[in-house]
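Undergrad: fold the stuff below for me.
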Amino acid sequence: MFKIRTVLAALGFAFVLPLVAANISPDSSFSSSAQAQEEKKQPKYKDVKTRQRASVGKKCASALEKVQVVIEQELWAESLEQLKSIEASTKTCDSDYEQTQIWKFMGYVYYSLDDFPGAIGAYQKVINGEGTPEELRLDTRYTLAQLFTVEEQYALAAKELEIWMEASIIVGSDARVLLAQIYYQLDRKEDSLTMLEIAIADAEAKDILPKEGWWSLQRVLYYEKNDYKRVTSILEQLIKHYPKWSYWKQVGGMYGELEREADRLVATEVVYLNDQLDKESQVMSMAYMYLGAEVPYRAAVIIEKGINDEIIKKNAKNLEVLGTAWYQSKDLKKALSALEAASKYSDTGNLQSRLAGIYLDLGRDKEAYIASVRAAEKGGVKRPDANYLVMGNALINLHCYKDAITAFQKSLKVAKDKKSKKYPQQWIRYADTEGKRLGKLRDVGAKVPSCSKA
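TA: Have a look, this model is predicted:
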């Protein structure tokens, strides 16, 4: 029974079976309670005609009572054999109505044995039986719809449930949602959504909280229509009434689709603070969000913690992002440490260029010069003009003015626009002027610093 319960429970359904108790002769104790309950029932179906009540004879009632005892002991195989024997007999239960009661029992026993094809066959006999009361016929159609659903015979499930709904005066939300699920499997997406909307609206109108599975199916249908606003609204309802971290993650993704970046960041932060981001891609995505929001310090802290927790791999790419975050946070020492660690894994030209810039900012001019030279030699630098500017500035600080002019000329050569050309031109003039000034002082015997790049 696990299969059917699992499938239907996913949408919040309870499996419905026709009453096992039969309408036996009035003087039988077997029938008294069931009959009393049925007489109290209000009409549930349309066009049900008043007719004389059918009953089970004493001989048949006696046989079914014996089966009932075995069923109550959950001896399913034994009860099935007894029912088959009764069905085969022409003397025990011979009327059309009595045969209906046997099939109803058999459907229940087959279901209890997890033999769903057998249960379907028995319940189909109930539906097609000449002695079947109309209300039982309709109740059985609902049961068949559920069984066909579990057996993935969706067209037959839809047919039975549509007939049941057409004949029923009261159609609950559970039935509509079941039909919505069946329509979804039949690729009748619009029909599925329509049925689902009616079910949810009806529940809400009665101040009843829609079941989690209903909103989940509704979310899927709207997602397939690319209606991200509606998906987001549904996820917000799920978070409110059925809070799960998976919904927080999904709503964060939807906020991203809607370009609601602040909301996306907040939703993801809630998940992160509760230790629900346990994959490298998730944690790095969180860090990139903070970089995009111009909060680099938070990004750096997140990446560093991820590396320490062994969620984020210690490789060149991740360490370079960490270095970037620390650099943007104005923590040059931590930025340098991260980028130096990155260079041990992948010593690219671009990485050396970035190291050169930080060395220059920290006043480590010789290291800045060496790193910029390495960057130029390795190639692949994103901004080669900027790398040559760093090289030239480091050389000026090392009092190597002629070499600095050469570096600035290279920067000018690879610069792509007027703005980029402006800076090397200014530095060339400065290096030339300063170099000549110090040269004149040297010529008259003054002690001036000499080039110290070596």
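
Undergrad: residue 149 contacts residue 181, correct?
TA: Yes. With contacts counted by CB atoms under 8 Å, residue 149 reaches residue 181, the gap being 7.2 Å. All C-beta atoms are positioned from the backbone trio N, CA, C, and that covers glycine.

Undergrad: what about this protein, any weak spots by pLDDT?
TA: 1-53 (pLDDT under 70).

Undergrad: show me it divided up by domain.
TA: Annotated domains of the chain cover 1-30+56-168, 347-454 [automatic domain parsing].

Undergrad: how about those in CSV, adding mean neighbour count and distance to residue 294?
TA: Putting those into CSV (neighbours: other CB atoms under 10 Å; distance: least, CB to CB, whole Å) gives the following:
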stretch, mean neighbour count, distance to residue 294
domain 1-30+56-168, 18, 43
domain 347-454, 18, 19
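
Undergrad: closest to residue 334 out of the ones you listed?
TA: domain 347-454 (10.2 Å; CB to CB).

Undergrad: ok, now which ones touch residue 257?
TA: Contact analysis of residue 257 by CB atoms under 8 Å, 6 or more residues apart in numbering lists residue 228.

Undergrad: which parts of stretch 174-187 are buried?
TA: Buried residues in stretch 174-187, counted by 16 or more other CB atoms under 10 Å: 174, 175, 176, 177, 178, 179, 180, 181, 182, 183, 184.

Undergrad: please tell me how far the first one sits from residue 145.
TA: Read that as residue 174. The gap separating residue 174 from residue 145 is 11 Å, by CB to CB, to the nearest Å.

Undergrad: now the fourth one
TA: Counting by CB to CB, the gap between residue 177 and residue 145 amounts to 12 Å.

Undergrad: give the residues shared as contacts by the two.
TA: Between them, residue 177 and residue 145 share no contacting residue, judged by CB under 8 Å, 6+ apart.

Undergrad: before we move on, back to that, just the ones of the buried residues of stretch 174-187 in helices?
TA: 174, 175, 176, 177, 178, 179, 180, 181, 182, 183, 184 (DSSP state H).

Undergrad: and the helices in the stretch 251-400 of the chain, which stretches?
TA: 261-273, 280-292, 296-308, 316-328, 332-345, 349-361, 365-378, 384-397 (DSSP state H, counting those that start in this stretch).

Undergrad: nearest to residue 170, of the ones you listed?
TA: For residue 170, the closest of these is helix 261-273, at 40.3 Å, according to CB to CB.

Undergrad: what are the neighbouring residues in contact with residue 252?
TA: Contacts of residue 252 by CB under 8 Å, 6+ apart are 264, 267, 268, 271.

Undergrad: number of nearby residues for the third one?
TA: In other words, residue 268. Residue neighbour count, defined by other CB atoms under 10 Å, stands at 25 for residue 268.

Undergrad: and what of the first one?
TA: Neighbour count for residue 264, taken as other CB under 10 Å: 20.

Undergrad: shared neighbours of residue 149 and residue 181, anything?
TA: Common contacts of residue 149 and residue 181 (CB under 8 Å, 6+ apart): none found.

Undergrad: that older thread, reformat the domains of the chain as a markdown table; add distance to residue 289.
TA: Shown next, in a markdown table, are the domains of the chain (distance: least, CB to CB, whole Å):
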| stretch | distance to residue 289 |
| --- | --- |
| domain 1-30+56-168 | 33 |
| domain 347-454 | 22 |
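
Undergrad: how about those domains, which one is nearest residue 253?
TA: Nearest of these to residue 253, taken as CB to CB: domain 1-30+56-168 at 22.2 Å.

Undergrad: tell me how far that closest one lies from the chain's centre.
TA: Put simply, domain 1-30+56-168 sits 39 Å off its chain's centre (CA atoms, centre = their mean, to the nearest Å).

Undergrad: next one: stretch 218-235
TA: Worked out by CA atoms, centre = their mean, stretch 218-235 lies 12 Å from the chain centre.

Undergrad: one more: stretch 420-430?
TA: 54 Å.

Undergrad: same check on stretch 423-436?
TA: The mean C-alpha position of stretch 423-436 is separated from the chain mean by 59 Å, CA atoms, centre = their mean.

Undergrad: let's verify residue 92: helix, strand, or coil?
TA: coil (DSSP: H, G, I helix; E, B strand; the rest coil).

Undergrad: test my guess that it contacts residue 64.
TA: No. The criterion here is CB under 8 Å, and residue 92 misses it with residue 64 at 9.1 Å.

Undergrad: joint contacts of those two?
TA: Shared contacts of residue 92 and residue 64, defined by CB under 8 Å, 6+ apart, are found at residue 86.

Undergrad: related to what we said a few turns ago, which member of the buried residues of stretch 174-187 is positioned nearest residue 347?
TA: residue 184 (54.2 Å).

Undergrad: who touches the closest one in this structure?
TA: 192, 217, 220, 221.

Undergrad: those in helices, which ones?
TA: 192, 217, 220, 221.

Undergrad: tally up the residues packed near the last one, please.
TA: The burial count assigned to residue 221 is 22, neighbours taken as other CB under 10 Å.

Undergrad: just to check, it is in contact with residue 192?
TA: Yes. Using CB under 8 Å, residue 221 is in contact with residue 192, at 6.2 Å.

Undergrad: longest helix of the protein?
TA: Max-length helix for the chain by DSSP H is helix 418-443.

Undergrad: distance of the nearest residue to residue 300 once chain neighbours are set aside from residue 339?
TA: Of all residues not flanking residue 300 in the chain, residue 325 sits nearest, at 3.6 Å (CB to CB, 6 or more residues apart in numbering). Distance of residue 325 to residue 339, computed by CB to CB: 11 Å.

Undergrad: what sits up against the helix or strand where residue 155 lies?
TA: Taking DSSP states H and E as the criterion, residue 155 maps to helix 154-167. The contact list for helix 154-167 (CB under 8 Å, 6+ apart) reads 45-47, 138, 141-142, 144-149, 171, 175-176, 178-179, 182-183, 185-186.
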